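Participant: The sequence isn't on hand, but the structure is:
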Ligand code: AKB
């Protein structure tokens, strides 16, 4: 069996921190190299400071390490992206092209590229987004993700580079903080609940979005990357979903465990972004092609989040 050498870019982000642990459990600590522009918290393995815009630095690292796979997580997310659209385009697009072209020229076996529900927008039924619908995103982040999916498709069909991708919904996890997205409220709210503090939500009470628990998102990512090549029939990006809820339903789910928890709603500019995204995602292709099935519901995710945060936050009591 080939020994894997895996580079993760943007490894200090919300997904990266958890993915690093799972990759090292699966392939061994020596197989995983974390890269980011800042050190990665709680990572005991190899770390290299790398800006994905630095093509030479990237090529040198890939070559030195005999890299076999890249998980390219570095990106500016939806809400942060709107503050500087041109920089977001540069980081997200030039960063991806550096990865794809380095992977092509250096013989990398597999690349993972995270896309997002942000690719959806105008001209579709937002009640439930299908796999193959027009993509007219409302944010620069969504534009970069839609373009990035097509670049992955192009590199696969033109050069045979095995690029695999998921359209992540909002990801909820206790292990790492989210960084500049529209779905961040669904993580922040748990930290307030665990500290028994009221939460002010930046989305409207009825703003329904597709979401997924971190454990499910990581499992989906690793299952997609491990699936036999012939099973990967979507070469843009797979729709992926775990659950869907609005802030009011999430607050009610938390109140089952923390009855006096209070939430106020003060929607800001992120509400318009959320309103441009679908409420639910049809992930039939992922289920059929490589056996995707989420394990967590709103209730089981809520309990697990509160169990973990309740036992780590000193001012709160463990919640059972
Ligand atoms: C964001 O809110 O920007 C991200 C995403 C859905 O891609 N969490």
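Facilitator: It's in. The shown structure was predicted, so the numbers you read here are calculated from the model rather than taken from an experiment.

Participant: all strands of the stretch 51-200 of the chain, in order?
Facilitator: Ranges of strands in the stretch 51-200 of the chain, per DSSP state E, counting those that start in this stretch, are 69-72, 110-116, 162-168, 170-172, 199-201.

Participant: Can you pull the residues of the stretch 101-250 of the chain lying near the ligand?
Facilitator: 116-118, 141, 168, 170, 181-183 (Cβ under 6 Å from any ligand atom). Every C-beta, even on glycine, is put in place using the N, C-alpha and C of the backbone.

Participant: Just put the strands of the stretch 51-200 of the chain in TSV and tack on mean pLDDT.
Facilitator: Output for those, formatted as TSV (pLDDT from 0 to 100):
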stretch	mean pLDDT
strand 69-72	98
strand 110-116	98
strand 162-168	98
strand 170-172	98
strand 199-201	98
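
Participant: now those strands as TSV including mean neighbour count?
Facilitator: Listed next are the strands of the stretch 51-200 of the chain as TSV, based on neighbours: other Cβ atoms under 10 Å:
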stretch	mean neighbour count
strand 69-72	25
strand 110-116	24
strand 162-168	25
strand 170-172	26
strand 199-201	20
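
Participant: could those strands go into a markdown table alongside distance to residue 99?
Facilitator: Formatted as a markdown table, the strands of the stretch 51-200 of the chain follow (distance: least, Cβ to Cβ, whole Å):
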| stretch | distance to residue 99 |
| --- | --- |
| strand 69-72 | 5 |
| strand 110-116 | 6 |
| strand 162-168 | 9 |
| strand 170-172 | 21 |
| strand 199-201 | 35 |
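
Participant: I'd like to know which of these is closest to residue 189.
Facilitator: Residue 189 lies closest to strand 199-201 among the strands of the stretch 51-200 of the chain, at 5.0 Å (Cβ to Cβ).

Participant: residues in contact with the closest one?
Facilitator: With contacts defined as Cβ atoms under 8 Å, 6 or more residues apart in numbering, strand 199-201 is touched by 185, 188-189, 192-193, 247, 251, 261-267.

Participant: check contacts around the residue in the chain that the ligand sits nearest to.
Facilitator: Distance from the ligand to each residue of the chain (Cβ to the nearest ligand atom) is smallest for residue 181, at 2.6 Å. Going by Cβ under 8 Å, 6+ apart, residue 181 touches 77-80, 170.

Participant: By neighbours, which of those residues wins?
Facilitator: residue 78 (28 neighbours; other Cβ atoms under 10 Å).

Participant: That one contacts residue 142, doesn't it?
Facilitator: Yes - counting by Cβ atoms under 8 Å, residue 142 is a contact partner of residue 78 at 6.9 Å.
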